[in-house]
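Chemist: what follows is a predicted structure for the sequence shown.
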Amino acid sequence: MSELKFDRWRLPFEEALMAHNLAGFSPAGLYEPIDYFMNLGGKRLRPIVCLAAAEQCGASLSQAMGAALAIEWFHNFSLVHDDIMDRAPLRRGKPTIHERNGLAAGVLCGDRMLVQSYVFLAQCPSSALPVLLNRFNQAAAEVCDGQQLDMDFEQRSLVEAHEYIEMIRLKTAVLLGFALEAGALCAGWSNQQSAPLYRFGEQLGIAFQIKDDWLDAFGDPSQTGKQPGGDVLARKKTWLWIQAQKEAGITLAELDTLDDSERVKRSLGLFRDLDLPARSMDLALFHKQKALDSLSLLSKTAGPSPFFIEFADYLLGREF
């Protein structure tokens, strides 16, 4: 799916995001960094699929816009705090809030962004709000669980592949699942009716992250904007590294004597020797198929929209 096809939902969302920004609010020390971060861009995939799901299930964009805004604000809150925990200097090529404005500002701005997500969630249809609030809270808690697991993995010498899949399910996939589910709930669908859309998003989110790991290692830097092997340099225990460690019997510590360039070269070479680029994409396609299979459980009156199938193809086919 081309970026242009997203404009049906992206453009109204961007207009709503701009109309509800916090620019000019006081105190400026809190709200200026928030406005800076929210304007760094991003794919806006979660609000786009929320609005697309709402339309597919019979709602107007205005009925689901509160949910879409809540999801995007929550996602950005999580990025602000993730950057602090990862000590990341850049986000989307620009200084992170804690680098630009200080650690205290990063913590407080993230807190305020989380609060704002609930402000927007409260704008959803009142009949759907109790279920939406419960499901949003569950997804938010699971994102935090996933982040803690990711940090825990940094302290462990051995991580199993199934543990990694569970971590990315929590940290990345559940919010994409909720975005689709929220669109259906805003349209008046029940928990049971919307469950296949959640499952679709959850499995697709797992595939999305596996592809993201692949792009970090093997993507074209001119398209990804990343240095090849960034996860290797950060000692991230991705599926690629977990499998390499298991099959080649190598540990991260064994590479500590190498400089960065040689560390990346040796690691990526090892991945290729073990055929991990192709095998990791096979795993991503496996989860994509599980996502598509869940669409068959949608209500016969709605049926699987071509958008969802095209969206799945887009996520797995992207080069950035």
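Modeler: Here it is on my side, so go on. Numbering: from 1, shown residues only.

Chemist: shaky segments in the stretch 201-320 of the chain?
Modeler: Of all residues in the stretch 201-320 of the chain, those with pLDDT under 70 make up the ranges 224-227, 299-304.

Chemist: mind listing the strands for it?
Modeler: Listed from the start of the chain, the stretch 201-320 of the chain has no strands (DSSP state E, counting those that start in this stretch) to report.

Chemist: helices of that one, start to end?
Modeler: 221-224, 230-233, 239-248, 260-273, 276-295, 306-317 (DSSP state H, counting those that start in this stretch).

Chemist: turn these into CSV, columns for distance to residue 97 and mean neighbour count.
Modeler: Where you see a C-beta, it was placed from the backbone N, CA and C, and this is true even at glycine. Converted to CSV, the helices of the stretch 201-320 of the chain look like this (distance: least, C-beta to C-beta, whole Å; neighbours: other C-beta atoms under 10 Å):
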stretch, distance to residue 97, mean neighbour count
helix 221-224, 23, 12
helix 230-233, 20, 19
helix 239-248, 29, 19
helix 260-273, 26, 16
helix 276-295, 31, 18
helix 306-317, 27, 17
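
Chemist: in TSV, list those along with distance to residue 69.
Modeler: Written out in TSV, the entries for these read as follows (distance: least, C-beta to C-beta, whole Å):
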stretch	distance to residue 69
helix 221-224	28
helix 230-233	30
helix 239-248	33
helix 260-273	39
helix 276-295	25
helix 306-317	20
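
Chemist: the ones you listed: which one's closest to residue 68?
Modeler: Proximity to residue 68 (C-beta to C-beta) singles out helix 306-317 among those, at 15.1 Å.

Chemist: one step back: of the helices of the stretch 201-320 of the chain, which is nearest residue 168?
Modeler: Among the helices of the stretch 201-320 of the chain, the nearest to residue 168 by C-beta to C-beta is helix 239-248 (8.6 Å).

Chemist: restricting to C-alpha, output that closest one in CSV.
Modeler: Listed next in CSV are the C-alpha coordinates belonging to helix 239-248 (Å, rounded to 0.1, in the frame of the first residue of the first chain):
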residue,chain,number,x,y,z
TRP,A,239,15.5,-12.8,17.2
LEU,A,240,18.4,-12.6,14.9
TRP,A,241,20.9,-12.4,17.7
ILE,A,242,19.1,-15.0,19.9
GLN,A,243,19.2,-17.5,17.0
ALA,A,244,22.9,-16.7,16.2
GLN,A,245,23.8,-17.2,19.8
LYS,A,246,21.9,-20.5,20.1
GLU,A,247,23.2,-22.0,16.8
ALA,A,248,26.7,-20.7,16.7
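
Chemist: so it versus helix 276-295, what angle?
Modeler: Between the axis of helix 239-248 and that of helix 276-295 there is an angle of 120 degrees, by axes from the mean of the first three to the mean of the last three C-alpha atoms, to 10 degrees.

Chemist: what is the orientation angle of helix 239-248 with helix 260-273?
Modeler: Using the same axes, to 10 degrees, helix 239-248 lies at 70 degrees relative to helix 260-273.

Chemist: tell me which other helices or strands helix 239-248 touches.
Modeler: Taking 3 or more C-beta pairs under 8 Å, 6 or more residues apart in numbering; DSSP states H and E as contact, the helices and strands that helix 239-248 lies on are helix 161-168, helix 191-218, helix 230-233, helix 260-273, helix 276-295.
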